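Novice: My questions concern the predicted model and sequence given below.
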Amino acid sequence: QAQAVESGGGLVQAGASLRLSCAVSGRFFDSYTMGWFRQAPGKEREFVAAIGWSGPTIYYADSVKGRFTISRDNAKNTVYLQMTNLKPEDTAVYYCARGSYLQQELTSQSWGSWGQGTQVTVSS
(Lines give C-alpha, C1' and ligand atoms only; values in the text may rest on other atoms or scores of the structure.)
Protein backbone atom coordinates (compact mmCIF):
# COMPACT_ATOMS: atom_id res chain seq x y z
CA GLN A 1 0.00 0.00 0.00
CA ALA A 2 1.46 3.33 -1.05
CA GLN A 3 1.92 6.03 1.54
CA ALA A 4 2.27 9.76 0.96
CA VAL A 5 4.17 12.18 3.20
CA GLU A 6 3.71 15.91 2.70
CA SER A 7 6.14 18.63 3.79
CA GLY A 8 6.90 22.28 3.21
CA GLY A 9 4.01 24.02 4.91
CA GLY A 10 4.42 27.00 7.19
CA LEU A 11 3.29 30.44 8.27
CA VAL A 12 3.80 33.19 5.69
CA GLN A 13 2.50 36.64 4.91
CA ALA A 14 0.16 37.38 2.06
CA GLY A 15 2.02 37.60 -1.24
CA ALA A 16 4.69 35.12 -0.21
CA SER A 17 5.52 31.78 -1.82
CA LEU A 18 5.84 28.24 -0.55
CA ARG A 19 6.69 24.92 -2.16
CA LEU A 20 5.02 21.81 -0.86
CA SER A 21 6.47 18.36 -1.47
CA CYS A 22 4.83 14.97 -1.31
CA ALA A 23 6.98 11.86 -1.27
CA VAL A 24 5.15 8.66 -2.13
CA SER A 25 6.31 5.17 -1.26
CA GLY A 26 5.38 2.15 -3.31
CA ARG A 27 5.86 1.02 -6.84
CA PHE A 28 4.79 2.44 -10.18
CA PHE A 29 4.60 6.04 -9.02
CA ASP A 30 4.99 7.13 -12.63
CA SER A 31 1.80 5.28 -13.56
CA TYR A 32 -0.53 7.25 -11.28
CA THR A 33 -2.07 10.67 -11.49
CA MET A 34 -1.22 12.66 -8.38
CA GLY A 35 -3.31 15.36 -6.79
CA TRP A 36 -3.24 18.08 -4.17
CA PHE A 37 -6.23 18.94 -2.02
CA ARG A 38 -6.80 21.28 0.90
CA GLN A 39 -9.15 21.62 3.81
CA ALA A 40 -9.74 24.87 5.65
CA PRO A 41 -11.26 24.94 9.15
CA GLY A 42 -14.97 24.29 9.03
CA LYS A 43 -14.93 23.51 5.32
CA GLU A 44 -14.92 20.40 3.21
CA ARG A 45 -11.79 19.14 1.54
CA GLU A 46 -11.43 20.65 -1.92
CA PHE A 47 -9.45 19.88 -5.02
CA VAL A 48 -6.46 22.11 -5.75
CA ALA A 49 -4.45 20.57 -8.58
CA ALA A 50 -3.60 17.30 -10.30
CA ILE A 51 -0.96 16.08 -12.68
CA GLY A 52 -1.39 13.12 -14.97
CA TRP A 53 0.84 10.09 -15.03
CA SER A 54 1.77 10.61 -18.66
CA GLY A 55 2.36 13.76 -20.62
CA PRO A 56 1.55 17.33 -19.65
CA THR A 57 -2.00 16.74 -18.41
CA ILE A 58 -2.54 19.16 -15.54
CA TYR A 59 -5.65 20.41 -13.80
CA TYR A 60 -6.14 23.36 -11.44
CA ALA A 61 -8.98 24.68 -9.38
CA ASP A 62 -10.05 28.10 -10.62
CA SER A 63 -9.12 29.64 -7.27
CA VAL A 64 -5.42 28.80 -7.70
CA LYS A 65 -5.00 28.98 -11.47
CA GLY A 66 -2.13 31.29 -12.36
CA ARG A 67 -0.69 31.22 -8.83
CA PHE A 68 0.00 27.53 -8.13
CA THR A 69 2.06 25.11 -10.20
CA ILE A 70 2.00 21.36 -9.81
CA SER A 71 4.90 19.24 -10.99
CA ARG A 72 6.35 15.79 -10.42
CA ASP A 73 9.72 14.09 -10.37
CA ASN A 74 9.17 10.44 -11.11
CA ALA A 75 12.79 9.58 -10.33
CA LYS A 76 12.17 10.79 -6.77
CA ASN A 77 8.58 9.55 -6.41
CA THR A 78 7.67 13.10 -5.47
CA VAL A 79 5.01 15.59 -6.48
CA TYR A 80 5.35 19.31 -5.79
CA LEU A 81 3.02 22.25 -5.41
CA GLN A 82 4.66 25.63 -5.96
CA MET A 83 2.42 28.30 -4.47
CA THR A 84 2.98 31.98 -5.23
CA ASN A 85 1.12 35.16 -4.33
CA LEU A 86 -0.46 33.39 -1.40
CA LYS A 87 -3.67 34.81 0.04
CA PRO A 88 -5.26 34.42 3.47
CA GLU A 89 -7.97 32.31 1.86
CA ASP A 90 -5.29 29.77 0.92
CA THR A 91 -4.94 28.92 4.61
CA ALA A 92 -5.65 25.22 5.01
CA VAL A 93 -4.17 21.82 5.60
CA TYR A 94 -2.82 20.60 2.27
CA TYR A 95 -2.95 16.94 1.37
CA CYS A 96 -1.64 14.94 -1.53
CA ALA A 97 -3.25 11.80 -2.82
CA ARG A 98 -2.68 9.17 -5.44
CA GLY A 99 -5.19 8.75 -8.20
CA SER A 100 -6.06 5.75 -10.30
CA TYR A 101 -3.60 3.54 -12.13
CA LEU A 102 -3.03 4.63 -15.73
CA GLN A 103 -6.02 6.98 -15.66
CA GLN A 104 -5.38 10.44 -17.05
CA GLU A 105 -8.76 12.14 -16.88
CA LEU A 106 -9.59 14.01 -13.68
CA THR A 107 -13.11 12.59 -13.56
CA SER A 108 -11.72 9.05 -13.75
CA GLN A 109 -9.69 9.33 -10.59
CA SER A 110 -10.34 7.42 -7.39
CA TRP A 111 -8.19 9.16 -4.81
CA GLY A 112 -6.38 7.23 -2.11
CA SER A 113 -3.13 6.83 -0.19
CA TRP A 114 -3.72 10.18 1.47
CA GLY A 115 -0.92 11.80 3.40
CA GLN A 116 -1.25 13.31 6.86
CA GLY A 117 -1.28 16.83 5.50
CA THR A 118 0.85 19.92 5.98
CA GLN A 119 -0.46 23.19 7.41
CA VAL A 120 -0.26 26.35 5.37
CA THR A 121 -1.19 29.57 7.13
CA VAL A 122 -1.24 32.89 5.30
CA SER A 123 -1.51 36.05 7.37
CA SER A 124 -2.85 39.29 6.00
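Specialist: Done, it's in.
Novice: which stretches of this structure have low pLDDT?
Specialist: By pLDDT under 70, the low-scoring segments of the chain are 55.
Novice: again, 80 this time
Specialist: For the chain, residues meeting the criterion pLDDT under 80 lie at 55-56.
Novice: got a list of what the residue nearest the centre of the chain touches?
Specialist: The residue lying closest to the centre of the chain (Cα atoms, centre = their mean) is Trp36, at 2.2 Å. Trp36 makes contact with Leu20, Cys22, Val48, Ala49, Ala50, Ile70, Val79, Leu81, Tyr94, Tyr95, Cys96, Ala97, according to Cβ atoms under 8 Å, 6 or more residues apart in numbering. To be clear about C-beta, it is placed using only N, CA and C from the backbone, and glycine gets the same treatment.
Novice: One more: Gly52?
Specialist: Thr33, Ile58, Gln104.
Novice: So the second one versus Thr33, what's the distance?
Specialist: In this case it means Ile58. To Thr33, Ile58 is 10 Å away according to Cβ to Cβ, to the nearest Å.
Novice: Those two: which is more packed in?
Specialist: Thr33 (27 against 15; other Cβ atoms under 10 Å).
Novice: Can you tell me the SS state at that one?
Specialist: Secondary structure, DSSP: H, G, I helix; E, B strand; the rest coil: Thr33 is strand.
Novice: Would you mind measuring from the closest residue to it other than its chain neighbours to Thr91?
Specialist: Distances taken as Cβ to Cβ, 6 or more residues apart in numbering place Gly99 nearest to Thr33, at 3.5 Å, with adjacent residues excluded. Applying Cβ to Cβ, the value for Gly99 to Thr91 is 25 Å.
Novice: Give me the more crowded residue out of these two.
Specialist: Each of Gly99 and Thr91 has its neighbours counted (other Cβ under 10 Å); Gly99 has more, 23 against 18.
Novice: Which positions within the helix or strand containing that one qualify as buried?
Specialist: Element membership for Gly99 (DSSP states H and E) is strand 92-101. Going by neighbour count (16 or more other Cβ atoms under 10 Å), the buried part of strand 92-101 is Ala92, Val93, Tyr94, Tyr95, Cys96, Ala97, Arg98, Gly99, Ser100.
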